[in-house]
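1. Predicted structure and sequence below. I'll ask about it afterward.
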2 protein chains.
Amino acid sequence: MQFVSNTVLRLDSKGRVSIPAPFRSVLMRDGFDGLYCYPALDQPAIDAGGNALMAEIETLIAQQPLYSVARDHLALALYGTSETLKVDAEGRVILTSHFKEYAGISDQVAFVGLGHKFQIWEPERFRAELAEATDKVRALKADLGARKPGGARE
Amino acid sequence: MQFVSNTVLRLDSKGRVSIPAPFRSVLMRDGFDGLYCYPALDQPAIDAGGNALMAEIETLIAQQPLYSVARDHLALALYGTSETLKVDAEGRVILTSHFKEYAGISDQVAFVGLGHKFQIWEPERFRAELAEATDKVRALKADLGARKPGGARE
DNA sequence: GGCCGTTCCATTGACGCCCATTTTGTCCCA
DNA sequence: TGGGACAAAATGGGCGTCAATGGAACGGCC
């Protein structure tokens, strides 16, 4: 099972947000108590997931030669900025102030499924990002379509 | 479980700092009473950990040929500068003046998880180092992403 | 006797845990 | 096909515990 779809949820007065139930069930199957998170590298969003995501990070770092500079940088930038958030009995987490600041989150967040992981966005920023991505996809499709003399259409 | 995330904590008037609770629990599981520390080789920071870290150092040195210059230097640089700090009942340590000087620490420190070990930084220096490491990682990721069909070789 | 380091105790605020309420979506039945 | 009951999800809040911090008490050493 994978993380799909997107949902916007509110933070309560204590800064808690419910993880969408479908995501929770994926995490549960992954067998991980908590939520592994880190700031997305090139987006103002938080990457989140369970064991699968953590293993991915670990593998990435383990591929680098021991004691190499690249490995040190990876470990610092990834492990150093990661958090394992606790999930309460109702399936909620509290985002650290650092995460909220990085993603520009105040009182609402968008959970966005990306297959093996998901992201947490400030809803407005996510809409913008999505619109941009959609445009790119349209352009790509138009480009692909133009190469088919038959006038292929979806 | 591993050391992840970063936390900034204050030193009190006696020079004591609390080890972040999540780190403490990792150390406890490691079954090591105290905190094994030494100056990081190529960063103005202190490497710290428990049995796992000590074993790593031991292995590193053991890999060098007996009586080799490299081995002597490693042993001197690592064993010679290591300290096992005492942890008090509240989970605090007192950094030696040598460590503080080496890392430029005065009244605050950043604890930074690196997986199997963690580092202790002067917070401002850590921010700078993190920014640099993040840039490097972005470049690395861009490089990996560029290896598409028809493009760069593996 | 004073200084220094260690252990123990007190305070404060944040967080974890528990329970109540509201909202949403679904299914069943009239 | 509309209404209503039911279940699941999301939300709100109270309270106890623990982490971080500060300071006092104790003991040894110079």
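-> Thanks, I have it. Residues are numbered from 1 along each chain as shown, chains lettered A, B, ... in the order given.
2. quick one: the strands in chain A?
-> A:6-10, A:16-18, A:35-39, A:46-49, A:83-85, A:92-94, A:108-113, A:118-121 (DSSP state E).
3. Go through the helix ranked longest in chain A and flag the buried ones.
-> Of all the elements of type helix in chain A, the one with the most residues (DSSP state H) is helix A:123-146. Buried positions in helix A:123-146, judged by neighbour count with 16 or more other CB atoms under 10 Å in any protein chain shown: A:125, A:126, A:129. For every residue, glycine as well, the C-beta is placed using N, CA and C.
4. which one of those residues is nearest residue A:50?
-> Nearest to residue A:50 among the buried residues of helix A:123-146, counting by CB to CB, is residue A:126 at 21.6 Å.
5. Chain neighbours aside, what residue packs nearest to the closest one?
-> Closest residue to residue A:126 apart from its sequence neighbours, by CB to CB, 6 or more residues apart in numbering or on different chains: residue A:110 at 4.4 Å.
6. unless I'm mixing things up, the one you found is touching residue A:120, no?
-> Yes. If you go by CB atoms under 8 Å, residue A:110 and residue A:120 touch, sitting 7.3 Å apart.
7. CA-only coordinates of the lowest-mean-pLDDT helix or strand in chain A in PDB, if you can.
-> Of all the helices and strands that make up chain A, helix A:123-146 has the lowest average by mean pLDDT, DSSP states H and E, namely a mean of 88. Output in PDB follows, covering the C-alpha atoms of helix A:123-146 (Å, rounded to 0.1, in the frame of the first residue of the first chain):
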ATOM      1  CA  PRO A 123      -2.100  24.500   1.900                       C
ATOM      2  CA  GLU A 124      -1.800  27.700  -0.100                       C
ATOM      3  CA  ARG A 125       1.800  26.900  -1.100                       C
ATOM      4  CA  PHE A 126       0.800  23.500  -2.100                       C
ATOM      5  CA  ARG A 127      -1.900  24.700  -4.400                       C
ATOM      6  CA  ALA A 128       0.600  26.900  -6.100                       C
ATOM      7  CA  GLU A 129       3.100  24.100  -6.400                       C
ATOM      8  CA  LEU A 130       0.500  21.800  -7.700                       C
ATOM      9  CA  ALA A 131      -0.700  24.300 -10.300                       C
ATOM     10  CA  GLU A 132       2.900  24.800 -11.500                       C
ATOM     11  CA  ALA A 133       3.500  21.000 -11.700                       C
ATOM     12  CA  THR A 134       0.300  20.600 -13.600                       C
ATOM     13  CA  ASP A 135       1.400  23.100 -16.200                       C
ATOM     14  CA  LYS A 136       4.600  21.300 -16.600                       C
ATOM     15  CA  VAL A 137       2.900  18.100 -17.100                       C
ATOM     16  CA  ARG A 138       0.600  19.600 -19.700                       C
ATOM     17  CA  ALA A 139       3.500  21.000 -21.600                       C
ATOM     18  CA  LEU A 140       5.200  17.700 -21.500                       C
ATOM     19  CA  LYS A 141       2.200  15.900 -22.700                       C
ATOM     20  CA  ALA A 142       1.600  18.400 -25.500                       C
ATOM     21  CA  ASP A 143       5.200  18.000 -26.500                       C
ATOM     22  CA  LEU A 144       4.900  14.200 -26.600                       C
ATOM     23  CA  GLY A 145       1.700  14.400 -28.500                       C
ATOM     24  CA  ALA A 146       3.200  16.700 -31.200                       C
END
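8. Next, the angle strand A:6-10 makes with that helix.
-> 170 degrees (axes from the mean of the first three to the mean of the last three CA atoms, to 10 degrees).
9. quick one on the thing from earlier: which elements pack onto the longest helix of chain A?
-> strand A:108-113 (3 or more CB pairs under 8 Å, 6 or more residues apart in numbering or on different chains; DSSP states H and E).
10. Could you list the buried residues of the strand it packs on?
-> Neighbour counts over strand A:108-113 (16+ other CB under 10 Å) mark A:109, A:110, A:111, A:112, A:113 as buried.
11. Let me have these in JSON lines, extended by distance to residue A:136.
-> As requested, these are exported to JSON lines (distance: CB to CB, whole Å):
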{"residue": "A:109", "distance to residue A:136": "24"}
{"residue": "A:110", "distance to residue A:136": "19"}
{"residue": "A:111", "distance to residue A:136": "22"}
{"residue": "A:112", "distance to residue A:136": "16"}
{"residue": "A:113", "distance to residue A:136": "19"}
